[in-house]
Each structure stands twice: as C-alpha cells, then as structure tokens.
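K.L.:
dropping a prediction and its sequence here:
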Amino acid sequence: MMKCDMTKKTTMGGMLLLLLYLDLPLAFAIGTLQQELPADVDTSKWECGYCVVDTGYSGEVEAGAGYVSDDSYKFGEYNGLQDQGGFLIGNATARYRDEHAGFLDMRLRDLGLDTRSVEISGGRQGRYQLFLDYDEIPHNITDSAMTPYLGSGGDTLTLPSNWVRAGSTTGMTQLAPSLNNIDLDTTRKRLGVGAAFIPAGKWETAINVRHETRDGQKRTAGSFYFNSAQLVEPVDYTTDEVEAYVTYTTRKWQSRLSYYGSFFNNRDRSLYWENAYNPPVAGADAGERALPPDNTFHQFLLSSGYQLSDRTRVSGDVAIGRMEQNEDLLAATTNPNISVTLPEKSADARVDTLTANLKVDSVVTDRLRLNASWRYNDRDNKTPSRLFEWVTTDASLATPRRNLPYSFTDNTAKLGGIYQANNTTRVSAGYEYENKHRTNQEVDDTTENSYWGKINVRARENFDFSVKVEHADRDSSGYHPVAETDPAENPLMRKYYLADRSRDTANLHAEISPDERISMGLGMDLSQDDYAHSQVGLTGSREIDMNADVSVLLTEKTTLHTFAGRQRIRSSQAGSQAYAGPDWFANNDDTVNSFGIGVKHQLIKDKIDVGADYVLSRSTGKIDIKTGAPAEEFPDLQADLDTLKLYADYRLKENLSLHAAYWYEQYDSRDWSLDGVDPATIPYVLSFGEDSPDYDVHAVMMSVRYRF
C-alpha cells in the first residue's frame, strides 16, 4: 500500500477525504482532484493510505468456567460473584467492514454473570447507524439482616400470628423464634435502542430510547413516638427515557436541537407495616409511609457553536425543562381514632428549569490563550404551598405544617488564561464568581469568589512537573431560621453548604523518567475548609492525599509496577444539646493507606505469559466526642482489604490461547454500630442485627480465547 505524500499541498487538499466521507466513487474523487492540480504535477504514483479499508470479519471469543469458594454479598457487591459455586465465562467482540462503508460492531461481556452486557451497532458510515445495548447492574447490600416481619419484598409487612407486643424489644418474647434471614439487594436491567441518520451532508438526526427496571429490596425504617423498627422497602421501579436530536454542521457553525424525556413509575405506592410495640395510644396499630412517586421530566435543549475566526470560537446552549409529580397523597394517618382532612388530593408538584451556558475561547497569540464562560441555572418550584394537618407517627395530632417549595437561581462566571512562557514552561490562571439565590432557606444569597493559578514545567521528555493553588471565599447575606420550621431551629446553627467558608487547595504532581526503563509519578493534593463564623455545625475540615507509582522494565521479558497512597480526612463540628451555645464537640479522623505491586513475565517468548498483582488497603475512622468531661471515644471504624490475583496465558496457536486466573480476597471490617447489635440489643429500636462485612474468598477461572 502506497502512502500519500502529505508535503504536496494543493487548494483541494481536503477534497479527497470529504468526497470519500460522502461515499462518492473513488475514481470520481481522484479525477476531481487531478482537475484542480497544475498540469506539471505528476500524480501517477500518488496513492492514499487512508483509502484502503480492511474488510471482512474480525474479533475474539472467550468461553470458560470459574468457581467461587464462599458466599459473600460484600465480595460480590457489584461484580455478580456473590454466590458459592460455579459460573460460566462468556465474552466476545466482533467487527465487520465492507467495501461500501458498511459496518457492524458487537461487544458481549460477562454473559454468565449478573453483570452481563451486550452492545451492538451497525450501519453505513456517513449515512446511518443503528444500535442496541443491554446491561445488568447488581447491587448486593447485605445477606445478614434478620426481621420478624413477614412479606418482605412486598408493600405490606405483617407480624407472626403469635406475636407478643411489648414496650421495648426486651419484652418481645416471640422476637427470637420469629426472626428470619433476608437478603437486601437490587438489580437494574437496562435496554436501549436507537438510530442516527445523515440525510444530507450537513444534517444528522437521531433518536434513542431506553427502558430500565430496578427490582429488589432495601433498608428503610418506621417509628411510633420513640419506638422504631428497621423495615424492608420494596423496589419495583420502571424508568423510560427518550432522546431525539437534530444537528446542522458547517465549517464554521454547528448547532443541535434536542429533546429529552424521563418517565418514572413505581409499582408500589406505599409501605404498610404493623406496630411491633405496644401502641402508644389507641389505634396506633400500624403505620404507612409513601414510597417514591411516579414522575416525569421533559427538556428541550438548543446548543450552537460558531468559529468567529481561525483563533476564536464562541459556543452556547439553552435548555428549558419541566418536572411534574401528581401522585395521590396518602391519608395523613392509619389511626381510625384521628380524623384529618387533606387540603388537596395531590401535591400537584411542578418544577420548571432553565439552564443557559455561554463560552468564548480565543488563541490571542501563539503563546497566549484566553477563555471566558457564564452559566445560568434556575429552578423555579411552582408546587402550591398548603397548610397540612400533621399526625405524629399515627399517634397524635401535631401543629399544622406547611410545605415549602424550594427554588434557587445560580449565576456562575469564569475567566481563564494559559500562557506558554517558553518551550518548557506553561502558566495558567483563572477567576470564578458564583452567586446563588435561594427561597425558603436559611440563607437568601451566597456569593463565592475563587482564584487559582497553575505552573507546568516540562524539561525534555523525562520530567513533567505541575503545581496548582486555589483560594475561595464564600459569603452569605445573613442567616435566619425559616419561620415555618417546626420545631424551630437553633439560631446559632449553620448548615455547611450555606455557611460562610474559606477554602484553600493545592495540587502538586510530577512525572519522572530517569531512564527509558523507569517511569515514576508523584502526587499530593491538599485541601482546607474553615467555617470561622459557624458556632454550631461544621467548623472545619482538612484533607491530604499523597500517592506515588513506579513502573520498571526489569528485563526484555519482565516488567514491574508498584504504587502507594495515603489519604487523611479530618473534620470538626460543634453541637448543642441545650438549644443554645455549643456544649459538645466532635472530631472525625479518617485515614486510608493503600499499596500495590504487580509483575508480568514472558516465560516463553510468544508462548507463555504469567503475572501477579497484589493490593492492600487499610482504612480507619476515629470519632472523638468532648462534652466538658473527659473526651469520649467511639471504637474505631476499620476496614482491611487484601487482594491477590495470579494469571497465565498460553498461546496454543497464533489465534488460539488458554487463560487461567486465580483471585484471592480477604476483607475484615469492624463497625461499632453493627457489631454485637442484635435485633433486641437496643430497647427502642427493632434492628436488622446485621454483621460487619467479613469474608475470605477464593475464585479460579479457566477459559479459551479464539481470535478470528
């Protein structure tokens, strides 16, 4: 195959690729190009290296089996390997191309597991494309929960017929014999189809549709006065999404108009459960709570970009949307002795959104580049505000409460620049301004100003160093508790996302290659937040994250890589039991240390490759409480993880190989909120009695891989 001589420039230098993209005959394309060339240019030996297309089929198929030594929801939390026993391995990729720009791509992954996925797309380049994708996403939460309730997974939870109610869990004589184990887990299944068409050279249109179901059960809780119980909430959701767009593209101008719609449906309207305790008042025998309601979201978006000159581009977009929820409200109580009339049948909830972005990017000189942007985000909650009679946990009438439609408007402006000082040094800096206006919140307005600078130095090809520092100040318009909040909030309380705050961050990163066989990376990220005006609430936080990695080519057959990291997050807060000034203080200190090492070796050239990877992680969480007396410490939270993976590839033929892998993982955690806490341990909390995750799992895998 002969290559194009790209040093021979003509006024029609891009015509050939354009004509090929439009799928015009090659002979016509070359003929048109030759007509534009001077007569003395010899094109007889010119050929285009991009014009030769590999046609036919290619791909890889993998099939095999594996075995997991033990059951563990934590080990298989997201990977589908939660059950002891065998499983199938099935993976495949396939690719097809023909001489007329027709194509087909297929990717199949984890067909033997609950994490399976399928991606198929095909069509004709420059004309149309069709696609289909499917995937499953499991989330295994816990398999050690216990409950006396019957009907888990449904919308009605009942107690055994011989249940004995009591004022606390210690008096529930039928609790222990009534306990049954439950698994808490959910599974998402998503199916998407779509098509894109290019009816003309400047136009493209597409439509994508996705259907998703989420099934399973998760944690929730319910209460009656001061008595509470952990409950199993059913998950039976369906979400349908539709996206359609049309684009128009020229050399200088690109535009897109799109629609997005989301339609959520929950087949379970509420969760009903019987009271396991002695009713605090007559009629408080059962409770009911609403589950996520059906809702819809519609959005139209128009985006456009224009190349003002060779050095300056402007782009922007505007999107308008509407969220609606009109589910019938539940009765205020299940207690037949309390009469309550709702002001309306439904919330008639509606939120309108408006988002706009504008950005300008300009290469002022060969060394200087400037950019500016503005973002407007408005959330207008038009849900009617009504006064509701309110019942405390199906036991008694309380002070009526009003729903408060929360709205905000956010304006953000950014300025930035990059200056190439010389061949080795690049300097950049920027400024950001953000103003956020809120309604029905403790703070009406917050304004934040941020300044940052960065220097990047690249010396030859073996050293790259960068440092970035940033300072930000957020000021509020004044803090005032919301009058409608009941019970009233402590006037000294400051919510962290509304409070005045000063933030400083620094990032240092370096990549060093002292030798062509050695590559090293170093990094450090620092962050500090100070809430100097917060008497009650979060008062400060600090974080440091350090990491290093090294890759070494030991021999022509052996490579080694290793990494280490340490992250420490500390925060302090002040609280008030007396609804006045701070009378207790807490310090949180979380530390995560990690280390990994791996080696890959070519045992027999072009025949056998082996490798090993080992990773460990040690994390600790400390909570210290000070109340004026000697400091009280909670037991440390701890999680230790060790992972070892061994693998080998044996090539039987050029396109046929055997793959073997061994995976060992050990996890040990300690959580004082779970360890030793049985369903009856806390007198006024009927808990699940879960255990801290702890496992020791081995997995082996064998498979055959075939390339075609």
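P.N.:
Thanks, I have it.
K.L.:
so where's the protein shaky on pLDDT?
P.N.:
1-53, 629-632 (pLDDT under 70).
K.L.:
buried set for stretch 676-696?
P.N.:
Across stretch 676-696, burial judged by 16 or more other C-beta atoms under 10 Å covers 677, 679-680, 685-695. Heads up, the C-betas are built off the backbone N, CA and C, glycines and all.
K.L.:
next one: stretch 113-124
P.N.:
Leu113, Asp114, Thr115, Arg116, Ser117, Val118, Glu119, Ile120, Ser121, Gly123.
K.L.:
reformat these as JSON lines; add distance to Ala660 and secondary structure.
P.N.:
Compiled in JSON lines, these are given as follows (distance: C-beta to C-beta, whole Å; DSSP: H, G, I helix; E, B strand; the rest coil):
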{"residue": "Leu113", "distance to Ala660": "18", "secondary structure": "coil"}
{"residue": "Asp114", "distance to Ala660": "23", "secondary structure": "coil"}
{"residue": "Thr115", "distance to Ala660": "21", "secondary structure": "coil"}
{"residue": "Arg116", "distance to Ala660": "22", "secondary structure": "coil"}
{"residue": "Ser117", "distance to Ala660": "24", "secondary structure": "strand"}
{"residue": "Val118", "distance to Ala660": "26", "secondary structure": "strand"}
{"residue": "Glu119", "distance to Ala660": "27", "secondary structure": "strand"}
{"residue": "Ile120", "distance to Ala660": "30", "secondary structure": "strand"}
{"residue": "Ser121", "distance to Ala660": "32", "secondary structure": "strand"}
{"residue": "Gly123", "distance to Ala660": "38", "secondary structure": "strand"}
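K.L.:
and the two most separated of the residues you listed?
P.N.:
Asp114 and Gly123 (30.7 Å; C-beta to C-beta).
K.L.:
show me what the closest residue to Arg369 other than its chain neighbours bridges to in the sheet.
P.N.:
Once flanking residues are discounted, Arg369 sits nearest to Ile418: 4.6 Å by C-beta to C-beta, 6 or more residues apart in numbering. Listed beta-bridge partners, Ile418: Arg369, Ser428 (assigned using DSSP bridges).
K.L.:
residues touching Ile418, list them.
P.N.:
Residues in contact with Ile418, defined by C-beta atoms under 8 Å, 6 or more residues apart in numbering, are Leu368, Arg369, Arg426, Val427, Ser428.
K.L.:
returning to what we had before: wait, which of the buried residues of stretch 113-124 is closest to Val164?
P.N.:
Nearest member of the buried residues of stretch 113-124 to Val164, counting by C-beta to C-beta, is Asp114, at 39.9 Å.
K.L.:
so the closest residue to the closest one other than its chain neighbours is in which element?
P.N.:
In this structure, Asp114 finds its nearest non-sequential neighbour in Gly80, 3.8 Å apart by C-beta to C-beta, 6+ apart. Applying DSSP states H and E as the criterion places Gly80 outside every helix and strand.
K.L.:
now that Gly80 has come up, it's in contact with Thr115, right?
P.N.:
Yes. Taking C-beta atoms under 8 Å as the definition, Gly80 is a contact partner of Thr115 at 4.3 Å.
K.L.:
how much space separates Arg267 from Leu291?
P.N.:
Arg267 sits 9 Å away from Leu291, going by C-beta to C-beta, to the nearest Å.
K.L.:
who has more neighbours out of the two?
P.N.:
Leu291 (19 against 14; other C-beta atoms under 10 Å).
K.L.:
how close does the more buried one get to Ala284?
P.N.:
For Leu291, the distance to Ala284 - C-beta to C-beta - is 21 Å.
K.L.:
kindly report the same for Gln230.
P.N.:
19 Å.
K.L.:
now swap in Ala483 and tell me
P.N.:
Using C-beta to C-beta, Ala483 is found at 30 Å from Ala284.
K.L.:
one more: Thr312?
P.N.:
69 Å.
K.L.:
okay, those two: which has more neighbours?
P.N.:
Between Thr312 and Ala284, Ala284 has the larger neighbour count (other C-beta under 10 Å), namely 24 against 14.
K.L.:
these two touch, right, the more buried one and Asn275?
P.N.:
Yes. In this structure, Ala284 is within contact of Asn275 by C-beta under 8 Å, at 6.2 Å.
K.L.:
show me the common contact partners of those two, please.
P.N.:
With C-beta under 8 Å, 6+ apart as the test, Ala284 and Asn275 both reach Phe224.
K.L.:
need the residues touching each of Gly80 and Thr115.
P.N.:
Counting by C-beta under 8 Å, 6+ apart, the residues touching both Gly80 and Thr115 are Pro138.
K.L.:
so what's Thr392 up against?
P.N.:
Tyr225, Ala398.
K.L.:
okay, now the sheet partners of the helix or strand where Val700 lies, with direction.
P.N.:
Assigned by DSSP H and E, Val700 falls within strand 694-707. Looking at strand 694-707 with DSSP bridges, its partner strands are strand 56-68 (antiparallel), strand 656-670 (antiparallel).
K.L.:
switch these over to a markdown table; also include mean neighbour count and distance to Pro234.
P.N.:
Below are these laid out as a markdown table (neighbours: other C-beta atoms under 10 Å; distance: least, C-beta to C-beta, whole Å):
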| stretch | mean neighbour count | distance to Pro234 |
| --- | --- | --- |
| strand 56-68 | 15 | 28 |
| strand 656-670 | 17 | 28 |
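K.L.:
need those in TSV (columns: distance to Arg618).
P.N.:
Converted to TSV, the strands paired with strand 694-707 look like this (distance: least, C-beta to C-beta, whole Å):
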stretch	distance to Arg618
strand 56-68	25
strand 656-670	10
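K.L.:
could you tell me how many residues sit around Tyr78?
P.N.:
Residues near Tyr78, counting by other C-beta under 10 Å: 12.
K.L.:
who are the contact partners of it?
P.N.:
Shown in contact with Tyr78 (C-beta under 8 Å, 6+ apart): Thr115, Ile137, Pro138, His139, Asn140.
K.L.:
strands of the stretch 601-708 of the chain, start to end?
P.N.:
For the stretch 601-708 of the chain, the strands defined by DSSP state E, counting those that start in this stretch occupy 608-626, 632-633, 637-653, 656-670, 685-686, 694-707.
K.L.:
highest mean neighbour count out of these?
P.N.:
strand 685-686 (a mean of 22; mean count of other C-beta atoms under 10 Å).
K.L.:
sheet partners, orientation included, of that strand?
P.N.:
strand 227-249 (parallel).
K.L.:
following the partner strand, which helix or strand comes up?
P.N.:
Assigned by DSSP H and E, the successor of strand 227-249 is strand 253-266.
K.L.:
tell me what the helix or strand following that next one is packed against?
P.N.:
Downstream of strand 253-266, the first helix or strand assigned by DSSP H and E is strand 270-274. Judged by 3 or more C-beta pairs under 8 Å, 6 or more residues apart in numbering; DSSP states H and E, strand 270-274 is in contact with strand 156-157, strand 203-224, strand 227-249, strand 286-290.
K.L.:
direction included, what does strand 270-274 pair up with?
P.N.:
strand 156-157 (parallel), strand 286-290 (antiparallel).
K.L.:
list the buried residues for stretch 382-396?
P.N.:
Applying a neighbour-count criterion of 16+ other C-beta under 10 Å, the buried positions in stretch 382-396 are Thr383, Phe388, Glu389, Val391, Thr392, Thr393, Asp394, Ala395.
K.L.:
just those now: which is nearest Arg322?
P.N.:
Nearest to Arg322 among the buried residues of stretch 382-396: Thr383, at 12.1 Å, using C-beta to C-beta.
K.L.:
can you classify the closest one as helix, strand or coil?
P.N.:
Taking DSSP: H, G, I helix; E, B strand; the rest coil as the rule, one finds Thr383 in the coil state.
K.L.:
phi, psi for it please.
P.N.:
Main-chain torsions, Thr383, degrees, to the nearest 10: phi -70, psi 130.
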